[in-house]
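Colleague: only geometry, no sequence info:
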């Protein structure tokens, strides 16, 4: 969990107890290939918890595209 409002402490200072705050909206961004399965799992979790989540990535892969990418990587290795 990353909380930009949390106070920063130096490595030598004793850590203060972490106070977790609830949130209702969040953004999940994947650097690299984001997938529909991840998206579906995240949407399911958001529906269960009553939260709103925005999901994105530098690339969105469907199963066919993912297998094609793996095939191309395999050809490049040989």
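Modeller: Received it, and whenever you're ready, just let me know what you need. This structure is a prediction, so every number in the text was calculated from the model and none was measured.

Colleague: Neighbours of residue 72, how many?
Modeller: 10 (other C-beta atoms under 10 Å). Placement of C-beta: from N, CA and C, glycine included.

Colleague: Work out for me the element it sits within.
Modeller: helix 63-77 (DSSP states H and E).

Colleague: repeat for residue 23
Modeller: Here residue 23 is assigned to no helix or strand, by DSSP H and E.

Colleague: What confidence value was assigned to it?
Modeller: Note on residue 23: pLDDT of 81.

Colleague: cool, and the one 4 residues further on?
Modeller: We note a pLDDT of 90 for residue 27 in this prediction.

Colleague: repeat for residue 57
Modeller: Reading off the model, residue 57 has pLDDT 89.

Colleague: name the element it belongs to?
Modeller: Here residue 57 is assigned to strand 52-61, by DSSP H and E.

Colleague: what pLDDT, on average, does the helix holding residue 72 get?
Modeller: 87.

Colleague: orientation of that helix relative to strand 52-61 in degrees?
Modeller: 40 degrees (axes from the mean of the first three to the mean of the last three C-alpha atoms, to 10 degrees).

Colleague: So which elements touch helix 63-77?
Modeller: strand 25-35 (3 or more C-beta pairs under 8 Å, 6 or more residues apart in numbering; DSSP states H and E).

Colleague: about what we covered before: who's in contact with the helix holding residue 72?
Modeller: The contact list for helix 63-77 (C-beta atoms under 8 Å, 6 or more residues apart in numbering) reads 33, 35-36, 61.

Colleague: one step back: which elements pack onto the strand holding residue 57?
Modeller: strand 25-35, helix 36-49.

Colleague: Among those, which one carries the weakest average confidence?
Modeller: For these, where the average pLDDT is lowest is strand 25-35, sitting at a mean of 86.

Colleague: That one vs helix 63-77, what angle?
Modeller: Interaxial angle of strand 25-35 relative to helix 63-77 (the same axes, to 10 degrees): 50 degrees.

Colleague: and strand 25-35, which strands flank it?
Modeller: strand 52-61 (parallel) (DSSP bridges).

Colleague: Now do the strand it pairs with against helix 36-49, angle only.
Modeller: Going by the same axes, to 10 degrees, strand 52-61 makes 170 degrees with helix 36-49.
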